[in-house]
Each structure stands twice: as structure tokens, then as C-alpha cells.
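[1] Prediction below, plus the sequence it came from.
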Amino acid sequence: EIVMTQSPATLSVSPGERVTLSCRASQSVSGNLAWYQQKPGQAPRLLIYLVSTRATGIPDRFSGSRSGTEFTLTISSLQSEDFALYFCQQYNNWPLTFGGGTKVEMK
Amino acid sequence: QVQLVESGGVVVQPGRSLRLSCAASGFTFPSYGTHWVRQAPGKGLEWVAGISYDGNNQHYADSVKGRFTISRDNSKNTLYLQMNSLTAEDSAVYFCAKARGFQTSFDHWGQGTLVTVSS
């Protein structure tokens, strides 16, 4: 099984800051990587798929990139509604696997 | 608009069985793979099982293989998860999710149904 490791576990930031979240795969997942946002009591929402393609309705302050098996989600200028949990997911191999998540909280 | 509505979550004793349902609407259900993902309280997301658009291909997490069965009824636009031999470790909110294809990302999710396994 491919293990997805997200870092950091928690990120304390202020609105307007640039935020970078990391996700590392234990082996190649090619470009089959997605990012999701989850707020308390809600279902996850797809943000990014295929490493860098924004899902429908996702603002362009969210972007994704890849370097080998290292993936990054960047929020260019954090808005108040962006405080949430973020998960990465690989769908290159069965079983599909998620990272443990990064909580973006207010500083 | 796409809607996925899960049902069937209850408190159940260890060792018992339970079937979850997910009613889909707002899209052509028979054309897309669908999955179950669970989240234990305060924990991360765990993919559980996925089924292809026609039901001919299923995949499972090792933690549920042999105990859970995913199925679908395309005539009823409904996804199912039959869960047998439940343990406390199966306690979680279970989400159904529509895939963009089958082995792809999940572009729509239901709100989830809570399963609690407890004596």
C-alpha cells in the first residue's frame, strides 16, 4: 500500500499569509494526486486533482505542484474561509490512500 | 445538482451486520464509479471500497476485505455497503463519494452516516 505522509500536522497562520502544505508518497503515484478540504461537521470537498487542476468553483488562490513523489498545495493568500483540514489522496494504485491531514488554524 | 444521501447508520453490537445505502441524484449514476470513505471521530479519511460504473469491478481496503461488500443498483441509482462482523474499529462516519471516473479523485461527497459499534 502506498503511504501518503502530510506535513506539518498543524499550521498556525494569519489571514493574508501564503500557505504551503506538503504531501509525500512512499512510491511513485505518477500525476494521480488530489487535494481535499474539510471543515468541521462537513464532507470533504475536492480542491485539486491530477496534481494541479482546480476542481469546479475552486478559486485560483489554490494551486498544486509536484516534484517527484513530493506534492505541494499552496494557498497564495489565506482567507478566513480557508481555515480547515486538508487531505491529499493518491489514486494511482489500489488501495486508494489518503494522507493523515494538515490542519490550518488561526494564529 | 449532484446529491448523495447516505442512510443506514446506527448503533450496532460487535459481530453484527449492517447495510448502508447511498441514494444518488443529479447526475447519470450508471456512468460513474462510486466509493465509500470513512472517518473515525477526530481522525483522518480512510478509503473503504470502490465499485466501477457497471458493478463489474470492486476494490477494498485490507482492513475490510472479506467482511464488507460494495454493490450498486443502477436501476435505483443507489450504492450499498454490506458490513459484516463489525468491530469497534469500524465505528466512523461513512461517506459515499462519486468518482470523476473510477480510479480517480472524488468530485462529490454525501454528508455521511454515523456507524457506532458498541455493546
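    Done, it's in.

[2] So the nearest residue to residue A:72 once chain neighbours are set aside, which state does it fall into?
    Nearest residue to residue A:72, sequence neighbours excluded (CB to CB, 6 or more residues apart in numbering or on different chains): residue A:65, at 4.9 Å. To be clear about C-beta, it is placed using only N, CA and C from the backbone, and glycine gets the same treatment. Classification of residue A:65 using DSSP: H, G, I helix; E, B strand; the rest coil returns strand.

[3] Contacts only, for residue A:65.
    Going by CB atoms under 8 Å, 6 or more residues apart in numbering or on different chains, residue A:65 touches A:51, A:52, A:71, A:72, A:74.

[4] Of those residues, which is the most crowded?
    With neighbours set by other CB atoms under 10 Å in any protein chain shown, the maximum within the contacts of residue A:65 is found at residue A:71, which has 27 neighbours.

[5] Tell me how far that residue lies from chain B.
    Distance of residue A:71 to chain B, given as CB to the nearest CB, to the nearest Å: 13 Å.

[6] Angles on the backbone of that residue, please.
    phi -120, psi 150 (degrees, to the nearest 10).

[7] can you count the residues close to residue 3?
    In the absence of a named chain, chain A is used. Neighbours around residue A:3, by other CB under 10 Å: 12.

[8] should've been chain B
    Count around residue B:3 with other CB under 10 Å applied: 13.

[9] ok, now residue B:17?
    So residue B:17, with other CB under 10 Å, has 11 neighbours.

[10] Now do the contacts for it.
    B:82, B:83, B:84, B:85, B:86.

[11] Could you do residue A:50 as well?
    With CB under 8 Å, 6+ apart, residue A:50 has these contacts: A:31, A:32, A:33, A:34, B:105.

[12] Also residue A:14?
    Contacts of residue A:14 (CB under 8 Å, 6+ apart): A:78, A:106, A:107.

[13] any idea how far it is from residue A:104?
    11 Å (CB to CB, to the nearest Å).

[14] Residue B:103 contacts residue A:94, correct?
    Yes - Residue B:103 is within contact range of residue A:94, at 7.4 Å (criterion: CB atoms under 8 Å).

[15] Centre-most residue in the chain?
    No chain specified, so I'll use chain A. residue A:35 (3.9 Å; CA atoms, centre = their mean).

[16] not what I meant, chain B
    Note: chain B centre (CA atoms, centre = their mean) maps to residue B:36, 2.9 Å.

[17] re earlier: where do the contact lists of residue A:14 and residue A:104 overlap?
    Common neighbours of residue A:14 and residue A:104, using CB under 8 Å, 6+ apart, are residue A:78.

[18] Much appreciated, bye for now.
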